[in-house]
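J.: Build me a structure from this.
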Amino acid sequence: MARRAVVCDCAQISDPTLSTIDQLARLELAARQLGCQLQLRHANAALRDLIELLGLADVLRVEVEREPEEGEQPGGVEEEGQFTDPTL
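T.: Numbers count the residues shown, from 1 in each chain. You can find the predicted model right below:
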């Protein structure tokens, strides 16, 4: 049975420190104790690099965000078909 996910939006973490990683690790531990899995979203490169440098990439799982493909709108919104109204 898959464990439930606890999602942590890290978009506001602009300058991560060791204290940041400590708090995220404590959050991961609490989630595990409740039978859940912590997933970090919107982690910037600095946070991802610090997690990797400390060897915690297997513990603090960062959700991988893919770049939009050419012609694709960010956020996975896609329009089908062609617009026939030239004012659009």
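
J.: where's residue 13 relative to residue 37, distance?
T.: 19 Å (C-beta to C-beta, to the nearest Å). (Each C-beta comes from the backbone N, C-alpha and C, glycine too.)

J.: Looking at these two, which one has more neighbours?
T.: residue 13 (19 against 15; other C-beta atoms under 10 Å).

J.: how many neighbours does the nearest residue to residue 60 once chain neighbours are set aside have?
T.: Once flanking residues are discounted, residue 60 sits nearest to residue 51: 5.0 Å by C-beta to C-beta, 6 or more residues apart in numbering. When counting by other C-beta under 10 Å, one arrives at 23 neighbours for residue 51.

J.: tell me which element residue 51 is part of?
T.: Per DSSP states H and E: residue 51 is located in helix 45-53.

J.: List the contacts of the residue nearest to residue 60.
T.: Contacts here follow C-beta atoms under 8 Å, 6 or more residues apart in numbering; on that basis residue 51 touches 21, 24, 43, 57, 60, 62.

J.: Quick one: residues contacting the last one.
T.: Which is residue 62. 40, 43, 47-48, 51.

J.: can you give me phi and psi for it?
T.: Phi and psi for residue 62, reported as degrees, to the nearest 10, are phi -90, psi 130.

J.: do you know how far it is from residue 40?
T.: Counting by C-beta to C-beta - residue 62 and residue 40 are separated by 5 Å.

J.: joint contacts of those two?
T.: residue 47.

J.: Stretch 60-80 - what's its average pLDDT?
T.: Across stretch 60-80, the average pLDDT comes to 63.

J.: got it, and stretch 13-28?
T.: Mean predicted confidence for stretch 13-28 is 96.

J.: can I get the CA coordinates of that stretch in CSV?
T.: Extracted C-alpha coordinates of stretch 13-28, given in CSV (Å, rounded to 0.1, in the frame of the first residue of the first chain):
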residue,chain,number,x,y,z
ILE,A,13,12.8,29.4,0.7
SER,A,14,15.2,31.7,-1.2
ASP,A,15,18.4,31.3,0.8
PRO,A,16,18.5,27.9,2.4
THR,A,17,20.8,27.3,5.4
LEU,A,18,21.7,24.3,7.5
SER,A,19,18.8,25.3,9.8
THR,A,20,16.5,25.0,6.8
ILE,A,21,17.6,21.5,6.1
ASP,A,22,17.3,20.6,9.8
GLN,A,23,13.7,21.8,9.9
LEU,A,24,12.9,19.9,6.7
ALA,A,25,14.5,16.7,8.1
ARG,A,26,12.4,17.0,11.2
LEU,A,27,9.3,17.5,9.1
GLU,A,28,10.3,14.3,7.2
